[in-house]
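In: A structural model of the following input is requested.
(chains A and B, ligands or ions: 1)
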Amino acid sequence: MEVSPSVVWRNKPYRYRLEVRRCPKCGRAFREEVEVCPKCNERTERVRMAGRGKLLSWAKVCQVPEGFEDFSPLYFGLVELEDGSRIIARLTDVLEEPKIGMEMEAVLRKVRADGSTGLIEYAIFFRPAF
Amino acid sequence: MVGIAGWGAYVPAYRVSAEEIARHWGADPKVPISLGVKEKSVAGPDEDSVTIAWEAAMNALARAQIEPSEVGMVFIGSESKPYAVKPSATIIADALGIAPETMAVDAEFACRAASEGMRHALSMVENGTIRHALIIGSDTAQGAPGDVLEYTAASGGAAFVISNENVVANFIDAYTYVTDTPDFWRRDGSQYPNHGEGFTGEPAYFHHLVSAIKHLMDKHSLKPSDITYFVPHQPNARFPLKLAKMLGFKKEQVVLGLTTADIGNTYNASAFMGMTRVLDNASPGDLILMAPFGSGAGADAYLFEATDRIEEAKGLARKTQEYFDRRKEIDYATYLRYRGKIKKLVR
Ligand SMILES: [Zn+2]
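Out: Residues are numbered from 1 along each chain as shown, chains lettered A, B, ... in the order given. So this is what the prediction gives:
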């Protein structure tokens, strides 16, 4: 099985809603359910990151990994969100060449499908705001 | 008073023109012209009825200005579910922060499953079972390559928040009319629908819609001129205008809600999509008659009256027309690839 049910289930907060666990002391954010900051030993808090931001950098991938042929070419972007967080995410609806500094917004999209019988993986991507 | 508290649409960016489809098949270009649909919206390769529903619902929730966790029912109508078994409603409820304290329903009734949800929601909110409901119609409609449906079967979604609070359109009344009619169907496991030629018009679309609409208008002693906007189901751009004429409505009462003329038929979002563009433009006091239809067959007629809150809600999310205006034309081969009809065989 290419798409693991347990991984899809475990990653829901970050991948569906951009939720992270953040350390109130050092500010470090974790995509995984890290309950205590390994550096400060503080209890982390669940926060939802902003759904809008600016594109800092991007890359286009034409030689895509197995299972991603339907989505080729893939675009990845480094996005600085309105709350200051910087994340790397898939970009979508790239109708023309992306420009550094362009406004981006979060949308739910299909990451991949496991053949015709396995699970479908969904996650937040970013697209040029319009 | 119960009614619509928020509305929202979503339409993918890609368009394939009827001319391009006809060119590919060497078909008579007069056929798509007679349907009144110049181009249709096409979901991108990373879109399906779940992702489309998500964005339409985000817009509806933004306009309703309610907490997602207070939604007591997520109801999605679709005939293009990504999973045959596994609900779309739970994915949407989880991704929108509505889960876990909610009901979640996936329904199928050709193009009117979502409308069935709206009827349930209105009565459940009215009697206090739930506080708010989220009703979504979303489809990546299937048309077999070469079928006449291919000119119109489009992708898109529309959503409504039903509530007693923050209402933008008061619900006045509704009426539903169904019979077993073999006008359009898709068997389990089959990829594309079939339609009973000659059965789709008079005995299905027109009979059910006229019956539902006439009953509702007679009950409330309404004349066509009392209605501001008439928004029927729209499999193409021709049927709704013919229906309007049969019922005595003027073209001006129909065109704002006739969104199939712009992007094709979005099935469960067909009349709903038209309704979102009407609400984007309606004024307080406007009387709106929305009438979804689904093959198999059934029709609903709803009467809504816009409230003063509609003006402030308009700017809280992206307008339907903005999605129509964001468009990228693709050729037939790209359309086939985006909809998974051709696959790469070699890596
Ligand atoms: Zn820390």
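In: residue boundaries of the strands in chain A?
Out: Using DSSP state E, the strands of chain A run over A:19-22, A:29-30, A:45-48, A:52-61, A:74-81, A:86-91, A:103-113, A:120-128.
In: okay, now the nearest residue to B:Asp188 once chain neighbours are set aside: neighbour count?
Out: Nearest residue to B:Asp188, sequence neighbours excluded (C-beta to C-beta, 6 or more residues apart in numbering or on different chains): B:Ala84, at 7.8 Å. Backbone N, C-alpha and C define where each C-beta goes, glycine included. By the measure other C-beta atoms under 10 Å in any protein chain shown, the count of residues near B:Ala84 is 7.
In: Now do the strands in the stretch 101-250 of chain B.
Out: All strands of the stretch 101-250 of chain B, identified by DSSP state E, counting those that start in this stretch, fall at B:103-107, B:132-140, B:155-163, B:169-178, B:184-185, B:194-195, B:229-232.
In: residue contacts, the residue nearest to B:Thr266 when sequence neighbours are not counted?
Out: Closest residue to B:Thr266 apart from its sequence neighbours, by C-beta to C-beta, 6+ apart: B:Gly156 at 3.6 Å. Taking C-beta atoms under 8 Å, 6 or more residues apart in numbering or on different chains as the contact definition, B:Gly156 lies against B:9-12, B:41, B:52, B:56, B:138-139, B:263, B:266, B:269, B:273, B:323.
In: what about B:Gly156, distance to chain A?
Out: 14 Å (C-beta to the nearest C-beta, to the nearest Å).
In: what's the domain layout of chain B?
Out: B:3-167, B:170-306 (automatic domain parsing).
In: what about the ones you listed, which gets the closest to A:Ala123?
Out: domain B:3-167 (9.5 Å; C-beta to C-beta).
In: one step back: would you format the domains of chain B as CSV with distance to A:Cys26 and mean pLDDT included?
Out: Formatted as CSV, the domains of chain B follow (distance: least, C-beta to C-beta, whole Å; pLDDT from 0 to 100):
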stretch, distance to A:Cys26, mean pLDDT
domain B:3-167, 27, 97
domain B:170-306, 45, 96
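In: ok, which residues in chain A are in contact with the ion?
Out: With the criterion set to C-beta under 5 Å from the ion, chain A comes near the ion through A:23, A:25-26, A:37, A:39-40.
In: Please repeat the previous calculation with a cut-off of 6 Å.
Out: Listed as neighbours of the ion in chain A under the rule C-beta under 6 Å from the ion: A:23, A:25-26, A:28, A:37, A:39-40, A:42.
In: Just the buried ones out of those, please.
Out: Buried subset of those (neighbour count, 16 or more other C-beta atoms under 10 Å in any protein chain shown): A:23, A:28, A:37.
In: residues touching the first one, list them.
Out: Which is A:Cys23. A:29, A:37, A:39-40, A:42, A:44.
In: Phi and psi next, for it.
Out: phi -80, psi 120 (degrees, to the nearest 10).
In: Tell me the spacing between the residue nearest to B:Thr266 and B:Gly274.
Out: Distance of B:Gly156 to B:Gly274, given as C-beta to C-beta, to the nearest Å: 11 Å.
In: in chain A, which ranges drop under the pLDDT threshold?
Out: A:1 (pLDDT under 70).
In: can you list the residues of it near chain B?
Out: Contact residues, chain A versus chain B (C-beta under 8 Å from any C-beta of the partner chain): A:12, A:16-17, A:66, A:69-71, A:90, A:92-93, A:95, A:107-111, A:120, A:122, A:125, A:130.
In: Please name the nearest non-neighbouring residue to A:Val94.
Out: In space, A:Val94 is closest to A:Tyr75, 5.0 Å off (C-beta to C-beta, 6+ apart).
In: what about the one you found, how many residues close to it?
Out: A:Tyr75 has 20 neighbours, counted by other C-beta under 10 Å.
In: From what I see, it and A:Cys62 are in contact.
Out: No. Between A:Tyr75 and A:Cys62 there is no contact, the gap being 10.4 Å when judged by C-beta atoms under 8 Å.
In: Now stretch B:99-110: buried residues?
Out: For stretch B:99-110, by 16+ other C-beta under 10 Å, it's B:99, B:102-107, B:109-110.
In: ok, back up a step: so who does the residue nearest to A:Val94 touch?
Out: A:58-61, A:90-92, A:94, A:98.
In: Closest to the centroid, which residue in the chain?
Out: Since no chain was named, I'll use chain A. A:Ala89 (4.1 Å; C-alpha atoms, centre = their mean).
In: switch to chain B, that's the one I care about
Out: B:Ala269 (1.4 Å).
In: All set, thanks.
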